[in-house]
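Enquirer: Provide a 3D model corresponding to the input given below.
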Amino acid sequence: MSKKILLIDGMALLFRHFFATSLHKQFMRNSSGTPTNGVQGFIRHVFTAINEIQPSHVAVCWDMGKSTFRNDMFDGYKQNRPAPPDELIPQFDYVKEVSNQFGFVNIGVQNYEADDVIGTLAQSYSEQNQVYVVTGDKDILQCINANVEIWLTKKGFNIYNRYTLDRFQSEYGLNPLQLIDVKAFMGDTADGYPGVKGIGEKTAIKLIQTHGSVESVLESLDQLTVGQRSKIETNIDNLKLSKTLAEIHTEVPLNTTELLDKMRYGTELTHILNICNEHELYVSGKYLSTHFS
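Expert: Below is the predicted model:
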């Protein structure tokens, strides 16, 4: 029988709730003064997804520092992001500690991003199992296949923007891997890579729908409008670089067979609530006991 595997982008959930509550200075400090707002949001997001999906296996994937192999390719990659606020910094290790106590496997690999870890695990496990990914990052949509479903955080803790392969193909008119080519043209201001200046998402999608790939567009420049051709010719190097940066690496060195055995999940809610109380995560504990008891 195939397994139901849940892969969680831990940092995406931690950041999402930290910034949602820090806007109003709601840091939810425990008795030792440590802020817990991001951790508490992480908990509510994760267990809402677990309640709905009922996975047999769970892993939480993490970024491991600011520098990855993409920085070796492009110095400016993600260098435009501000340093994390002081109230967030202690929650990086804290959330992993709590995650481990809940029975989740924490996975992070130096020199790779969480997206690369998720992409590697999703590709491997989806050959024989159903895989669900919870994240806030649309880049991971390139990893969709018939057995991989992406749940993008949308609103609150229980509303997700859910993408299946059918929905993606219907909405974009593309195959998921072609999203890499779209991002190559668009660039990404959040990640700091350039793309082709003057070409946005709508034009990028149309180019890939028509030609299929960045390489095919470059072979068909004479078929484009004068404006499109001029923009692309001026930014060819940036275009090629951006495609490389946009692609999620799906061959991260991981022992996927060994990890899968460790990812078996079955922690009882009573134990989860005890952990919440132990860490003074009372807001999360109340939410879980109210919604899932």
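
Enquirer: so where do the strands sit in the stretch 51-200 of the chain?
Expert: According to DSSP state E, counting those that start in this stretch, the stretch 51-200 of the chain carries its strands in the segments 57-61, 105-107, 130-135, 148-155, 159-163.

Enquirer: residues touching residue 180, list them.
Expert: Neighbouring residues of residue 180 by CB atoms under 8 Å, 6 or more residues apart in numbering: 142, 243, 246, 247. (Each C-beta comes from the backbone N, C-alpha and C, glycine too.)

Enquirer: next, count neighbours for residue 88.
Expert: Residue 88 is flanked by 18 other residues according to other CB atoms under 10 Å.

Enquirer: against residue 11, how distant is the closest residue to residue 245 other than its chain neighbours?
Expert: Closest residue to residue 245 apart from its sequence neighbours, by CB to CB, 6 or more residues apart in numbering: residue 193 at 4.8 Å. Residue 193 sits 19 Å away from residue 11, taking CB to CB, to the nearest Å as the criterion.

Enquirer: out of the contacts of residue 180, who's nearest residue 160?
Expert: Proximity of the contacts of residue 180 to residue 160 was ranked by CB to CB; the top entry is residue 142 with 18.2 Å.

Enquirer: ok, how many other residues are close to the closest residue to that closest one other than its chain neighbours?
Expert: For residue 142, ignoring the flanking residues on the chain, the nearest one in space by CB to CB, 6+ apart is residue 179 at 4.4 Å. The local packing of residue 179 (other CB under 10 Å) involves 26 other residues.

Enquirer: who touches residue 179 in this structure?
Expert: With CB under 8 Å, 6+ apart as the criterion, the residues that contact residue 179 are 139, 141, 142, 172, 246.

Enquirer: the residues you listed: which two are farthest apart?
Expert: Using CB to CB, these reach their maximum pairwise distance at 172 and 246, which is 14.8 Å.

Enquirer: what about those two, which has more around it?
Expert: Just comparing residue 172 and residue 246: by other CB under 10 Å the higher neighbour count belongs to residue 246, 24 against 17.

Enquirer: residues touching the residue nearest to the more buried one when sequence neighbours are not counted, list them.
Expert: Here the nearest residue to residue 246 in space, its sequence neighbours aside, is residue 183; by CB to CB, 6+ apart that works out to 3.7 Å. If a contact means CB under 8 Å, 6+ apart, then residue 183 has 139, 195, 204, 242, 243, 246 as its contacts.

Enquirer: for the second one, give its distance to residue 210.
Expert: Same thing as residue 195. Spatial separation of residue 195 from residue 210 under the definition CB to CB is 18 Å.

Enquirer: residue ranges in the chain under the pLDDT threshold?
Expert: When the per-residue scores of the chain are filtered using pLDDT under 70, the ranges that remain are 1.

Enquirer: repeat the analysis, applying 90 as the threshold.
Expert: Low-confidence regions of the chain, defined by pLDDT under 90, span residues 1-2, 21-26, 65-67, 74-83, 154-159, 190, 192, 293.

Enquirer: hang on, the earlier thing: format the strands of the stretch 51-200 of the chain as TSV; extra columns: distance to residue 233 and mean neighbour count.
Expert: Converted to TSV, the strands of the stretch 51-200 of the chain look like this (distance: least, CB to CB, whole Å; neighbours: other CB atoms under 10 Å):
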stretch	distance to residue 233	mean neighbour count
strand 57-61	39	25
strand 105-107	42	19
strand 130-135	35	24
strand 148-155	35	19
strand 159-163	34	16
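
Enquirer: ok so, going back, in the sheet, who's paired with the residue nearest to residue 245?
Expert: Counting by DSSP bridges, residue 193 is bridged to residue 188.
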